[in-house]
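[1] what follows is a predicted structure for the sequence shown.
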Amino acid sequence: MNKNTVFNLREVIVMKTVIYLVRHGQSEGNKYSRCLGHTDLSLTDLGIEQARLTADHLRDVKIDAIYSSDLKRAYETALPHAKLRNMNIYTSKELREYLARELKCWPDEVATIKIPSN
């Protein structure tokens, strides 16, 4: 800004971004209490119904974009949301679980994560 710039607070528009995170519905591995890691499994019938119900619950929420990891269970969870709004789903491998390699296919009660303190 130079010294001739007039700054009027009433003219400032504040943009707010809201991000909704939705966990995937029940997958074939979850059905048997397995942590899947990056194993690419589809949703069960229950998981498909959970995704449909979640999309219906969020029906009136304004959504500008839908993002999903590239794994089937995440994409299949996003699909009812996209169909309801006639939107595309943007997928990325970068949206996968960060520590999934540590947990791959262990029963839930056996899997542990060591998170660094720093």
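    Right, received. Where do you want to start? Small disclaimer: the values here were computed from a predicted structure and weren't measured.
[2] tell me where the protein has helices.
    45-57, 72-85, 100-103 (DSSP state H).
[3] mind giving me the packing neighbours of the second one?
    Pointing back at helix 72-85 there. helix 45-57, strand 66-69, strand 89-92 (3 or more Cβ pairs under 8 Å, 6 or more residues apart in numbering; DSSP states H and E). For every residue, glycine as well, the C-beta is placed using N, CA and C.
[4] so which of the ones you listed is nearest residue 27?
    helix 45-57 (5.8 Å; Cβ to Cβ).
[5] list the buried ones in that closest one?
    Residues of helix 45-57 classed as buried: 47, 48, 50, 51, 52, 54, 55 (neighbour count, 16 or more other Cβ atoms under 10 Å).
[6] CA atoms of that helix as PDB?
    Taking Å, rounded to 0.1, in the frame of the first residue of the first chain, the C-alpha atoms of helix 45-57 are listed here in PDB:
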ATOM      1  CA  ASP A  45     -23.800 -52.900   1.300                       C
ATOM      2  CA  LEU A  46     -23.900 -51.200   4.700                       C
ATOM      3  CA  GLY A  47     -21.100 -48.800   3.700                       C
ATOM      4  CA  ILE A  48     -23.100 -47.900   0.500                       C
ATOM      5  CA  GLU A  49     -26.100 -47.200   2.600                       C
ATOM      6  CA  GLN A  50     -24.100 -45.100   5.100                       C
ATOM      7  CA  ALA A  51     -22.700 -43.000   2.200                       C
ATOM      8  CA  ARG A  52     -26.200 -42.500   0.800                       C
ATOM      9  CA  LEU A  53     -27.600 -41.500   4.200                       C
ATOM     10  CA  THR A  54     -24.700 -39.100   4.800                       C
ATOM     11  CA  ALA A  55     -25.300 -37.400   1.400                       C
ATOM     12  CA  ASP A  56     -29.000 -37.100   2.200                       C
ATOM     13  CA  HIS A  57     -28.100 -35.600   5.600                       C
END
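[7] what sits up against it?
    22, 24-27, 30-31, 43, 73, 76-81, 83-84 (Cβ atoms under 8 Å, 6 or more residues apart in numbering).
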